[in-house]
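Novice: Here's my sequence, what's the structure:
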Amino acid sequence: MKPIDIVLAVVVAVIWGVGFVATRFAVDEMSATLLTTLRFAITALPCLFLPRPKLSWGLIIAISWLLVAQFLAQTYGLAHGVPAGLTAVIVQSQALFTVAFAAIFLRELPTRIQVLGIAIAMCGLLLICFTVGYDFSVWAFSVSMTAPVSFAVSNLMLRRAQDVSMLDLFAWIGLLAMVPLLMVLWFVDGPAVTWQALTHMSLLAALCVLALAVLGTTLGYWIWGRLLRRYSAAQVVPFALLVPFFGAGASSLVFGETFGTLRLTGMIVVVFGIAVMLLSRRPPPLVEVA
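Specialist: The predicted structure is shown next:
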């Protein structure tokens, strides 16, 4: 890879990692539902100027609503005590779920090295499970774990989005995401609570929402998509392994977040397992998409 592209890949990892800290700031002032709604609303603005991707409405809606489920789940977990650094690791575990679903539904069997990586990552998740209940609830952890599952299923859907501009796609994904998000916002938060949060939002929270939408979603996925088109996935995907480390590092600096020995060991084991799986010499096509 060219040096400039290596820098861009690292920049994306930094943006996504620090994004978990920005999310943690924002949920101090608003619900997970409102934050997710505002994030997708801002992401959808470019669709006023961009053409609709040449994909079926059904496929765009499916990808959109799966990403809604992912972001709602991870934001809910952060709002209910799951540390930002740990959330970054949980979301990144989507790679092992992607491979597992591909094997089950598409008969794309992983290699032995990838099976080893999955086993290692699962051991790490089990270690993390043993720490649940100390500073956040089992329910919050369970909801957070649906984020990588939704992410993995969306990977299966994205395989069909060939030769499509990522900028166009995510703008229209943001537009279609507003349908379920506004419904959930109306019935869960209600108009009064939503208006109260919007009218009393601090400048810091507003900047966090703007950064999550513009940098984390629009810019981040646009750069990532361009890199995946320019280089093989085996060259690009490993940079995603930096996300949990940037997330945990930023959370430690900003919030003084610390991890017990067992949880820290589990996080390292998860990332190591994903690294083994993604860095194997012969990854199947689906892992390249993931």
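Novice: State the phi and psi torsions of H200.
Specialist: phi -110, psi 20 (degrees, to the nearest 10).
Novice: which ones are touching it?
Specialist: Contacts of H200 were listed using C-beta atoms under 8 Å, 6 or more residues apart in numbering, and they are E29. C-beta here means a position set from N, CA and C on the backbone, and glycine is covered the same way.
Novice: Could I get the buried residue list for stretch 17-35?
Specialist: Residues of stretch 17-35 classed as buried by neighbour count (16 or more other C-beta atoms under 10 Å): 17-27, 29-35.
Novice: so how far is L8 from I223?
Specialist: Separation of I223 from L8 (C-beta to C-beta, to the nearest Å) stands at 5 Å.
Novice: tell me the centre residue of the chain?
Specialist: In the chain, the centroid-proximal residue (C-alpha atoms, centre = their mean) is V91; its distance is 5.5 Å.
Novice: average model confidence for the helix or strand where it lies?
Specialist: Element membership of V91, judged by DSSP states H and E, is helix 84-92. Average pLDDT, helix 84-92: 78.
Novice: how far out from the middle of the chain is it?
Specialist: The chain centroid and the centroid of helix 84-92 are separated by 9 Å under C-alpha atoms, centre = their mean, to the nearest Å.
Novice: Mind giving me the packing neighbours of that helix?
Specialist: Packing partners of helix 84-92 (3 or more C-beta pairs under 8 Å, 6 or more residues apart in numbering; DSSP states H and E): helix 3-26, helix 57-79, helix 112-129, helix 138-158, helix 242-255, helix 261-278.
Novice: Now tabulate those helices in JSON lines and tack on mean pLDDT.
Specialist: As requested, these are arranged in JSON lines below (pLDDT from 0 to 100):
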{"stretch": "helix 3-26", "mean pLDDT": "88"}
{"stretch": "helix 57-79", "mean pLDDT": "90"}
{"stretch": "helix 112-129", "mean pLDDT": "79"}
{"stretch": "helix 138-158", "mean pLDDT": "84"}
{"stretch": "helix 242-255", "mean pLDDT": "80"}
{"stretch": "helix 261-278", "mean pLDDT": "79"}
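Novice: Nearest to A41 among those helices would be which one?
Specialist: The closest of the helices and strands packed on helix 84-92 to A41 is helix 57-79. By C-beta to C-beta, the value is 12.0 Å.
Novice: Can you check what angle separates that closest one from helix 138-158?
Specialist: Here the directions of helix 57-79 and helix 138-158 differ by 150 degrees (axes from the mean of the first three to the mean of the last three C-alpha atoms, to 10 degrees).
Novice: which secondary structure elements does helix 57-79 contact?
Specialist: helix 3-26, helix 32-44, helix 84-92, helix 138-158, helix 166-184.
Novice: Looking at the ones you listed, which is nearest to R263?
Specialist: Closest approach to R263 among the helices and strands packed on helix 57-79 (C-beta to C-beta): helix 84-92, 6.9 Å.
Novice: relative orientation of the next helix or strand after the closest one and helix 138-158 in degrees?
Specialist: Heading C-terminal from helix 84-92, the first helix or strand you meet, by DSSP H and E, is helix 94-105. Relative orientation of helix 94-105 and helix 138-158, computed by the same axes, to 10 degrees: 60 degrees.
Novice: Run through the neighbouring helices and strands of helix 94-105.
Specialist: Here helix 94-105 touches helix 112-129, helix 138-158, helix 261-278, helix 285-289, going by 3+ C-beta pairs under 8 Å, 6+ apart.
Novice: got the buried residues for that helix?
Specialist: In terms of neighbour count (16+ other C-beta under 10 Å), helix 94-105 has its buried residues at 94-103.
Novice: same thing with stretch 55-72?
Specialist: By neighbour count with 16+ other C-beta under 10 Å, stretch 55-72 contains the buried residues 55, 60-72.
Novice: how far is stretch 243-250 from where the chain is centred?
Specialist: Distance, centroid of stretch 243-250 to centroid of chain: 13 Å (C-alpha atoms, centre = their mean).
Novice: Show me what it is in contact with.
Specialist: Where contact means C-beta under 8 Å, 6+ apart, the residues beyond stretch 243-250 that reach it are 13-14, 16-21, 84-89, 91-92, 257, 259, 267, 270-271.
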